[in-house]
Each structure stands twice: as C-alpha cells, then as structure tokens.
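Participant: Quick one: sequence and predicted model below, then my questions.
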Amino acid sequence: MRNPRGGLRLVLLASVLPFVVELWAVAGCQSNGSGEASPTGGATSLGGMSTSGGSGGVVESGGHPGSGGATGHGSGSSATGGANDSGGTSAGGGAIASGGRTGSAGATAAGGTAGPGGASATGGTAGLGGRISRGGSTGSAGRTGTGGASASGGASAAGGTTGLGGTSAAGGTTGGAGTTDAPGPCDIYQSANTPCVSAHSTVRALYAAYDGPLYQLRRASDNATRDVPVIAAGGFVDISVQDAFCSGAKCTISIIYDQSPNKNDLPKSPKALWLPDGGNEANAADGKHTVSGHVVHGIYVTGYSSNVAYRNNAAKGLAKGDEAEAMYMVVDGKRYSDQCCFDYGNATPTGNADGNGTMEAVYFGNDITWGGKGEGKGPWVAADLEFGVYKSDKGGWQSQDVYTPSAKSIIASYATAMLKGPSGNHFTLKAGSAQSGTLTTMWDGPRPSGSGYSPKRLQGAIILGTGGDGSNGGTGTFFEGAITKGNPPDATDDAIQANIVAAGYGR
C-alpha cells in the first residue's frame, strides 16, 4: 500500500521540476549565451563608429551608430541576435571596413561579410609631371557609411551587409596642387651654376620652394588689386582667387611677379618708340588653358591691336655687355604673327633701338622680313638681336630671300622656345613641343656678321610681348619663361624641356 504523502510529494515534484529546469536554462542563457561575453542581442554592436574619413579629405565619421544587430532575437536555444556584432568597427574611409566580426547570432550568424569601407579611397592622384601632388582640396573621404542595418539575430544575421565606410571616397577632384621637392626649371638652372635672374609665369612656380604670388590683378570697376598665389609651394596657380576677385567684373594682369631673388617684376611697359602712350595690361580672362587639370590664363598679346606690353627698365642681375646668358619661354603654339615682335628677354632700358647687339631676346612667330625663311611656313624660333630677328647668322631688314634650312617649323599646340647667348661669336636656338619630346637645335653657330653683334652690348632691361623699341606687331600667348646668368650645358636644356613636358600643358 502506497504512502499517500509520498505520492503527493512525487506529484508535486513532477509538476515543479519543469519550471526549475526552465529557470536554470534561462539563468544559463543570461550568464553564458553562445560563448560570448555579455551577449545582449546586439546592444554593443557598433554600426560604423570611428570610421576614419580617409586620407586627404575631411575626417568624417563613417556613419551614425549603425544598428549592427540591435534587438536581434535568437531563434535557437542560445542565439543572441549578434552579440558583439560590430557593424563596421574602425572602418577606414579608404581601407577595408569590416562590416562586423562574425557576430554569434546562432550557429551561422555572420556579422557581415567584409563590406568595403570605401574601396581604394584616394587622397588625390599624384600631380602630373611628378611635381606636385596634394591630397586634394577638402576631399570627402566617405559619406555617412552604414556599418550594418537591422542585423537579425537568427541564421545569417547580417551585422553589416556591405558596410560603406566611404562610398567612392575621392580625396580631390584634380589631385595635383603641390607640395613635393621635385625641382622647378630655376632649380635645374641653379644646379648648373647658371641661376635664374628672372622667372615669370602665370601658370606655376618655377622653383620648388616658391610659394609667393604669380601675378597681380587689377579690377576695372574700382581699381582694386589682388595678388594671385600658387596653391602650395612649387605648385600651380590658385585660380579660385582670380575667379572670386573678378566675378562679374573685368580684370587685367597689372604685374607679373619675378620669382627669382632679384624681384625683377614686370609691370606694363612705359613709353617706348612704338608705344608712345606706353603698353597695356593683358585682359586676365584671355588666354584660358588647362595645365595638369588646373585652369590657367596666359599673357594674351594681339599685334597692332591690344598694345599689351610688359617691361622692367631697372632690372637687376641680367647679363650686360658680352656676358653669357640663356632664356626660354613656353607659348601657345597656335597663336603667332608674321610681324615684329613677340619677344621675351634682355633689352635696352631706353625703349629705343640702340644698335646691333644691344638686345638679346627669344622670338616666336613666322616673320620673314627681319630674318628670312626657315623650313616650311613656320612658326619658328628666332633671336631678336636688334635690327634683325635672326634664325642664323644672316638676316636683318628686307631679308625675305634668306633661307635657313635648319630652322624647322614648330608644329605644336604648346611650344618651348629657347635662346642661348654665350660670350663671344656664337648663339644657339632650340625649340620643340611643350607637351612631348625633346628640343630640336635650329641654329648653333656664329652671330650675324654685321658690326656690333659680336661682342654683344647688352644693357639688361626685360621685355615681354614686344620688341626692344616697343614694336607691337607680334601676336602670342605667354605662359612662363626665365632668363639666366651664364650659359648652361646642353644636358640642362634637356632637363628644362623634360620639366616643361612633365608640367602637363593642355592636359
């Protein structure tokens, strides 16, 4: 016979035991669910927190605290909805943002498959020409990357499906503005012990360390002026300064600054023989081109029309007498005339034609009246030595019948024109495309045989856009140029041309 109390105990135990077991299971789940510390259904999941914005741009967070598994409920006995499921922890704006660390949302709950955090975010492509590479201007390294959306805590919980730490993060639009130690043309001349005594450009710094203004603007409406600098040392022009200052107004280029230590700046020309009222300043909006992705404006000269002319009659450091020098300029290869004279170089301070050999300037155009013909129809490079624009040792006034076969036509969108004037009875002309290739020697021989051409009688002023006496028939667009003290070797000429090509004219 059974004990009635013993039977009652068994009945009570049988009815209570399931609740005890369930309480034990719940307690177990709260203390050690799925082998992860403090799995709270996604409470600690980071939805993209501290994603770095990518180099070269504004450091912006990869997203608001994304729900990398918030309120994920496990469907298994111990699924924890994505415990510690980081929806994009430290996703770099240009690195591989981890969409989540295999959140344990059950047996196969994947916190997110290595979502790209902004594949190969670039802080700005290297500046063309090997010169200037800047991280870009306020490049955005990534838009509010989402570290993971609504991770569900069951099988295949997506703790960060393709978490975007920086979608197509672009560090800079044109990526080349400038801070490297690559040498400029005047650094190259300096290394050959033939330093620049003047260096002018509306396009770029001609020294790696130059970080000053390239030119000055004058606004017609109020006569206010503003310097236009480079973006960074050794870099290109900061055209945004011009765009802002001249917005809705007409501007001219009032000064072209000399980047050399001599500070031989070029204002508009004072009175000269063929400029009785002096020269005019170039329209700042003219001569618009692109160099390595940067908008630039050259000095735009139109013969017998604009009277654009720049001159410094008190220049310092230039060759005088029969001293050696060299010079180059980069110009628009499609703008030229057959008139005298689109020049850059060493001239007289009087503004007059003071005799043979009193000036030495590089010329670009297709004149034949003062220097005869070259191969083809031009344009050609020539040496304005006063009373003649020489392609060889023959020329001068009314020399249309003179022919110099070594003077090749320069067929190029942008041209490099170079004149070398050593002491003694010798001069050299070289030219080529400013976009590719090497320079061609157009003349390498004696000076003109007329009296006064050797030895030279240089006087050390600087001209741009006209002849030595203000002759204003030349047409052209000037971008950059330099004059040296001393005559550099041919290897230096080659290095100058390579530097010009690398600058990226027309690109």
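Facilitator: Good, I have the coordinates.
Participant: What sits closest to residue 342 if chain neighbours are left out?
Facilitator: Excluding the flanking residues, the one nearest residue 342 by Cβ to Cβ, 6 or more residues apart in numbering is residue 474, at 3.0 Å. C-betas here are computed from N, CA, C, even on glycine.
Participant: hey, where'd the strands end up in the stretch 151-300 of the chain?
Facilitator: Using DSSP state E, counting those that start in this stretch, the strands of the stretch 151-300 of the chain run over residues 196-201, 213-219, 225-229, 251-256, 266-267, 282-283, 288-291, 294-297, 299-301.
Participant: returning to that earlier point: the residue nearest to residue 342: what's it in contact with?
Facilitator: 301, 303, 336-337, 339-343, 363, 365, 465-467 (Cβ atoms under 8 Å, 6 or more residues apart in numbering).
Participant: now residue 350
Facilitator: Per Cβ under 8 Å, 6+ apart, neighbours of residue 350: 313, 459.
Participant: Quick check: residue 486 touching residue 193?
Facilitator: Yes: using Cβ atoms under 8 Å, residue 486 makes contact with residue 193 at a distance of 6.5 Å.
Participant: Compare these two (neighbour count), which wins?
Facilitator: More neighbours surround residue 486 than the other of residue 486 and residue 193, with 17 against 12 (other Cβ atoms under 10 Å).
Participant: can you tell me how far the nearest residue to that one once chain neighbours are set aside sits from residue 482?
Facilitator: In space, and not counting its chain neighbours, residue 486 is closest to residue 194: 3.7 Å by Cβ to Cβ, 6+ apart. Distance from residue 194 to residue 482, counting by Cβ to Cβ, to the nearest Å: 10 Å.
Participant: cool, and residue 438?
Facilitator: Counting by Cβ to Cβ, the gap from residue 438 to residue 482 is 19 Å.
Participant: More neighbours: the two, which one.
Facilitator: Taking neighbours as other Cβ under 10 Å, residue 438 and residue 482 compare with residue 482 leading, 27 against 14.
Participant: Show the pLDDT at that one.
Facilitator: With respect to pLDDT, residue 482 scores 99.
Participant: burial count for residue 431?
Facilitator: Neighbours of residue 431 (other Cβ under 10 Å): 28.
Participant: Repeat that for residue 288.
Facilitator: Neighbours of residue 288 using other Cβ under 10 Å come to 13.
Participant: Would you mind confirming that it is in contact with residue 295?
Facilitator: Yes: Residue 288 lies in contact with residue 295 (Cβ under 8 Å); the separation is 6.6 Å.
Participant: shouldn't residue 303 be in contact with residue 337?
Facilitator: Yes: between residue 303 and residue 337 there is a contact under Cβ under 8 Å: 4.7 Å.
Participant: These two: which has the busier surroundings?
Facilitator: Neighbour count, other Cβ under 10 Å: between residue 303 and residue 337, residue 303 has more, with 23 against 20.
Participant: What residues does the more buried one make contact with?
Facilitator: Per Cβ under 8 Å, 6+ apart, neighbours of residue 303: 337, 339, 342, 472-475.
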